[in-house]
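Asks: Here's my sequence, what's the structure:
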Amino acid sequence: MIKSWYLGPVVGVAALAASAYWWNAEKDRWSPPAPRKPDLPKVEPMPQAIKVRAKQAVERPVLWSARRPVAVEEKKTSLVTELMQSRLTAVFESGKERVAVLQRADGSTLKITADTKPWRIDSFDGRKALFISADDQRVERPLEAGSAPPPAKAGGSPVGERPRRPAPNNR
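Replies: Presented below is the predicted three-dimensional model:
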């Protein structure tokens, strides 16, 4: 009878000899597969380049101190800009009547009620007033605190600006 520890090395040597034979006999029969083109996605031409308008860059260079804003056509009416530049100073309410007092940029006063044209006051919540125009444009203005005009200067001149008497010459 053959001992089991002799059988392991004999099977290993047989497997090694078989693989060496197969390696030498089959290595010349291998050929690479036929080349094939990869499946590429359909390539579409790129859209035409957008023409860059360098007019603003030439007229208004970025790092120049004389840079000025772009001239934009005013789309809003002058009444809208007047209302946007005004300061809401007070809103008086009595029953259903409501009067908003605004101060224009030039310092004059503008009063708008619920019945005025083209702008009328629609609502006031204690902090903001909503104005609506005849063509349904809406402008919201906050109530501004301390909108009283600055106090006028007193009649006298400040101490630093008084004329001084020349110092006496003691020689």
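Asks: Need the contact partners of stretch 99-119.
Replies: Applying C-beta atoms under 8 Å, 6 or more residues apart in numbering, the external contacts of stretch 99-119 come out as 79, 82-83, 85-93, 96-98, 120-122, 124, 129, 131-135, 139, 141, 147, 149. Using the backbone N, CA and C atoms, a C-beta is placed for each residue, glycine as well.
Asks: ok, 7 Å please
Replies: Outside of stretch 99-119, the residues that reach it under the criterion C-beta atoms under 7 Å, 6 or more residues apart in numbering are 79, 82-83, 85-92, 98, 120-121, 129, 131, 133-134, 147.
Asks: which intervals of the chain have sub-threshold pLDDT?
Replies: Scanning the chain with the threshold set as pLDDT under 70 gives 1-2, 50-53, 55-61, 64-77, 146-164, 170-171.
Asks: which of the contacts of stretch 99-119 count as buried?
Replies: Of all these considered here, the ones buried according to neighbour count by 16 or more other C-beta atoms under 10 Å are 82-83, 86, 88-89, 91, 98, 120-121, 129, 131, 133.
Asks: Now render the residues you listed as a markdown table, adding secondary structure and distance to residue 19.
Replies: Written out in a markdown table, the entries for the buried ones among the contacts of stretch 99-119 read as follows (DSSP: H, G, I helix; E, B strand; the rest coil; distance: C-beta to C-beta, whole Å):
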| residue | secondary structure | distance to residue 19 |
| --- | --- | --- |
| 82 | helix | 98 |
| 83 | helix | 95 |
| 86 | coil | 97 |
| 88 | strand | 96 |
| 89 | strand | 101 |
| 91 | strand | 100 |
| 98 | strand | 102 |
| 120 | strand | 100 |
| 121 | strand | 99 |
| 129 | strand | 95 |
| 131 | strand | 95 |
| 133 | strand | 95 |
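Asks: Rebuild those as TSV, extending it with distance to residue 10.
Replies: Compiled in TSV, those are given as follows (distance: C-beta to C-beta, whole Å):
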residue	distance to residue 10
82	110
83	107
86	109
88	107
89	112
91	110
98	112
120	111
121	109
129	105
131	106
133	106
